[in-house]
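Novice: Quick one, structure for this:
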Amino acid sequence: MPLEVFIMSNPSKINVPTPSGMKAKLEDFQRQDSVGFRNMFGVKGQGLNALHWPNITTTEGSARISEDPLSHMLKERRLFYTGGVNEHTAEIMKVLLMYLEKEGAGQDIHMYIDSPGGEVYRGYGVIDVMNYIQCDVSTIVCGMAMSMGAATLAAGAPGKRYATRNGRVMIHQPLSGTQGQATDQQISVRETLDLKASLLRDIAMASGVSFAEIVKACERDNYMNPREALEFGDKGLIDGIIVSRDDEGSPIIARRGDAILDEVYPDLSEEMALLESLTNANGMGAMYVQAEADEKARLEARAKREAEAKAKAEAEAKAKAEAEAKAKAEAEAKAKAEAEAKAKAEAEAKAKAEAEAKAKAEAEAEAAEQSDSDNTDSE
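Specialist: Numbers count the residues shown, from 1 in each chain. Coordinates of the predicted model:
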């Protein structure tokens, strides 16, 4: 948030409450023109710096105090985290958080977020200070909390994270703009993956989802209305929705499970279907629908090819297994037949040898008997 929350029409008369160490630096810039002072703490022409803030004059006793609205909000411990998350907005947010802790340790700080996100390193610096100071930081998305802005929203004190009725939340994975030599790009990619793991882990813990679920949810830009952010995971990215105020001026906050949510966020499925049908009837809408149909057909054809290739591979594997089993069975049958033939041949050879031995024995016996008979006759 740019520091013009302190700026009045005449910068030479600014009375800025500052932490020690910045007083001299601020006094130097107070002596310069207001543009120079503004550029120290913000981006010229961007965010709150692009706006002109009229001074508000109040009276305290006999003193007349002139200040801009944002300075008045600071006294009520309200901070406005507006614009991109960069070195300017993050530095001022850290300074103001520490200043408000010094002014009232233990008292809540209300941070209104309207940011499209930005640098992860700078955003983590703000989140670290939020967790460091001894004050609960209530985060309220008023407009949008996207990317690092959503991470800051989720990092608010448990039970004190809110969204206004038409706020928007968007979470996604970090963006990396690596360039240079291949080795340098590999180093940058590893650092980006480390940041991605850290950021998604923190959002998962804050919302009560598993790491696998948050990885899937953040694969692409994931936009949510306040109710969707409230019902995201077991804890939600926010704890309540500021719907309106009651007669006494106290905020009416809708929390998870409240019946009022159905009134604030009715089912718009029919309206969405009508809008989609009207969009599809026009050129670009029809083109997108055709592109989606073509992509679906391409994916189905790819799945069919993969299924056919898988079925073919399985059939070939089955045929190969059957052929191997058949060859094995044939080899076993052949071996068995050969063994049986060999056994039969051996049995026949044995029988033949036995028959020959028997015949020989009989012949020898007959010859011996004949010899004995001849000897008897000669006597």
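Novice: Just name whatever secondary elements the strand or helix carrying V169 is in contact with.
Specialist: Per DSSP states H and E: V169 is located in strand 168-171. For strand 168-171, the packing partners by 3 or more C-beta pairs under 8 Å, 6 or more residues apart in numbering; DSSP states H and E come out as strand 137-146, helix 148-154, strand 222-224, helix 226-230. C-beta coordinates here come from the backbone N, C-alpha and C atoms, glycine included.
Novice: Dump the ones you listed into CSV; add mean neighbour count and distance to E263 as well.
Specialist: As requested, the helices and strands packed on strand 168-171 are arranged in CSV below (neighbours: other C-beta atoms under 10 Å; distance: least, C-beta to C-beta, whole Å):
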stretch, mean neighbour count, distance to E263
strand 137-146, 24, 21
helix 148-154, 27, 24
strand 222-224, 17, 19
helix 226-230, 23, 11
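Novice: ok so, going back, so how far is the helix or strand just after the strand holding V169 off the chain centroid?
Specialist: Counting by DSSP H and E, the next helix or strand C-terminal to strand 168-171 is helix 182-207. Mean-position distance between helix 182-207 and its chain equals 10 Å (C-alpha atoms, centre = their mean, to the nearest Å).
Novice: Determine how far the last residue of stretch 151-169 lies from the first.
Specialist: Start-to-end span of stretch 151-169 (C-alpha to C-alpha, to the nearest Å) is 10 Å.
Novice: show me where pLDDT drops low in the stretch 51-200 of the chain?
Specialist: Along the stretch 51-200 of the chain, the parts satisfying pLDDT under 70 run over 51-54, 56.
Novice: Remind me which helix or strand the residue nearest the centre of the chain belongs to.
Specialist: Relative to the mean C-alpha position of the chain, the nearest C-alpha, by C-alpha atoms, centre = their mean, is the one of V215, at 2.5 Å. Using DSSP H and E, V215 falls within helix 211-217.
Novice: quick one: buried residues of that helix?
Specialist: Buried residues in helix 211-217, counted by 16 or more other C-beta atoms under 10 Å: I214, V215, A217.
Novice: now, which of these sits nearest S244?
Specialist: Distance to S244 across those (C-beta to C-beta) is lowest for A217, with 29.7 Å.
Novice: G123 versus that closest one, what's the distance?
Specialist: 19 Å (C-beta to C-beta, to the nearest Å).
Novice: just checking, what packs against the helix holding V215?
Specialist: helix 182-207.
Novice: What are the buried residues along the helix it packs on?
Specialist: Taking 16+ other C-beta under 10 Å as the criterion, helix 182-207 shows T192, L195, K196, L199, L200, D202, I203, A204, A206, S207 as buried.
Novice: hang on, the second one packs against E119?
Specialist: No: no contact is recorded between L195 and E119 when judged using C-beta atoms under 8 Å, the distance being 10.6 Å.
Novice: Angles on the backbone of A163, please.
Specialist: According to degrees, to the nearest 10, the main-chain angles of A163 amount to phi -140, psi 150.
Novice: Surely it touches G236?
Specialist: No: the pair A163 / G236 is not scored as a contact, 10.0 Å apart, by C-beta under 8 Å.
Novice: Could you pull up the mean pLDDT of stretch 211-230?
Specialist: Averaged across stretch 211-230, the pLDDT comes to 95.
Novice: Any idea how far apart the tips of it sit?
Specialist: 18 Å.
Novice: And the contacts of that stretch?
Specialist: 141, 163-173, 200-201, 203-204, 207, 209, 232-233, 236-241, 254-256, 261, 264-265 (C-beta atoms under 8 Å, 6 or more residues apart in numbering).
Novice: now with 6 Å?
Specialist: Stretch 211-230 is contacted from outside by 163, 167, 169-173, 200, 203-204, 236-238, 241, 256, 261, 265, using C-beta atoms under 6 Å, 6 or more residues apart in numbering.
Novice: Determine the three-state secondary structure at R64.
Specialist: For R64, the assignment made with DSSP: H, G, I helix; E, B strand; the rest coil gives strand.
Novice: Which residue, other than its chain neighbours, is closest to it?
Specialist: Leaving aside its chain neighbours, R64 sits nearest to T57 (5.9 Å; criterion: C-beta to C-beta, 6 or more residues apart in numbering).
Novice: Double-check that that neighbour belongs to a strand.
Specialist: Yes: checked against three-state DSSP, T57 lies within a strand.
Novice: Going by distance to A341, which of the buried residues of helix 211-217 wins?
Specialist: Of those, the one sitting nearest to A341 (C-beta to C-beta) turns out to be V215, at 69.1 Å.
Novice: Let me know the distance separating that closest one from M272.
Specialist: 27 Å.
Novice: Equivalent analysis for A217, please.
Specialist: 20 Å.
Novice: rewinding a little: with distance to M93 as new columns, can the buried residues of helix 211-217 be given to me in JSON lines?
Specialist: As requested, the buried residues of helix 211-217 are arranged in JSON lines below (distance: C-beta to C-beta, whole Å):
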{"residue": "I214", "distance to M93": "25"}
{"residue": "V215", "distance to M93": "28"}
{"residue": "A217", "distance to M93": "26"}
